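**Student:** have a look; sequence and predicted model below, questions after that.
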Amino acid sequence: MKKIFITLFILLVFTSLVACSKEKKVNDETANADVANERQTNNSMEEILVVGKTGPEIEDFIFEPAEINLKVGEKVKLTLTSDDEIQHGLRVGGKVIQHGESIEISFEKPGEYFGNCSELCGAGHALMALKIIVE
Ligand SMILES: [Cu+2]
């Protein structure tokens with residue numbers, strides 16, 4: 001029984017460290033993000049639906065897509081959605097959006113940027129990451 005608690009504690013510490021290290025990689029200075037209402041539309045801008053998902057296993061906690069490829073300066077609209085009863089949030093580019101909200105985002109420098117879930121949604125919460133590769 002004691003081993004189970006020790007194992008769970010180590011797992012909790014590990015997942016927290018993973019989440020913290022991913023958060024630090026977000027470069028707020030190069031991200032140009034504007035939170036926009038979902039009802040606002042811009043026909044010339046691609047909209048990417050980011051779906052928050054959970055499941056019985058820790059690795060089932062994901063954003064879909066988990067990876068987005070952008071060109072330097074390319075502006076896209078990310079909209080967060082989920083069928084889960086529990087709330088997710090998406091923290092990206094120094095901003096946070098909730099279910100049904102959108103953010104317009106672009107990056108001025110190539111690199112890898114990370115978003116993560118901003119709502120404590122369950123056991124795999126810390127592993128929910130959105131990777132944005134800018135070339
Ligand atoms: Cu979460």
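**Tutor:** Perfect, I can see it now. Residues are numbered from 1 along each chain as shown.

**Student:** what strands line up against the helix or strand hosting I97, and which way round?
**Tutor:** Using DSSP states H and E, I97 sits in strand 95-98. Sheet pairing for strand 95-98, assigned by DSSP bridges, gives strand 89-92 (antiparallel).

**Student:** and for the partner strand, what are the contacting residues?
**Tutor:** Residues from elsewhere that reach strand 89-92 (C-beta atoms under 8 Å, 6 or more residues apart in numbering): 23, 26, 31, 33, 50, 52, 63, 78, 80, 96-99, 103, 105, 113-119, 130, 132. Every residue, glycine included, has its C-beta placed from N, CA and C.

**Student:** can you check stretch 124-135 too?
**Tutor:** Residues outside stretch 124-135 that contact it (C-beta under 8 Å, 6+ apart): 15-16, 18-19, 22, 50, 52, 54, 57-63, 65-72, 88, 90, 92, 105, 107, 109-117, 119, 121.

**Student:** quick one: residues contacting G122.
**Tutor:** T54, F61, I86.

**Student:** the last one contacts G55, doesn't it?
**Tutor:** Pointing back at I86 there. No. Contact criterion C-beta atoms under 8 Å: I86 and G55 do not qualify, at 11.8 Å.

**Student:** got the residues of the chain near the ion?
**Tutor:** C117, E119, C121, H125 (C-beta under 5 Å from the ion).

**Student:** can you name the two of the residues you listed that are farthest apart?
**Tutor:** Maximum pairwise distance among these (C-beta to C-beta): 7.6 Å, between E119 and H125.

**Student:** among these two, which residue is more densely surrounded?
**Tutor:** Neighbour tally, E119 and H125, criterion other C-beta atoms under 10 Å: the higher count belongs to H125, 20 against 17.

**Student:** now the helix or strand encompassing V50: buried residues?
**Tutor:** Here V50, judged by DSSP H and E, is contained in strand 46-53. Within strand 46-53, the residues that qualify as buried are I48, V50, G52, counting by 16 or more other C-beta atoms under 10 Å.
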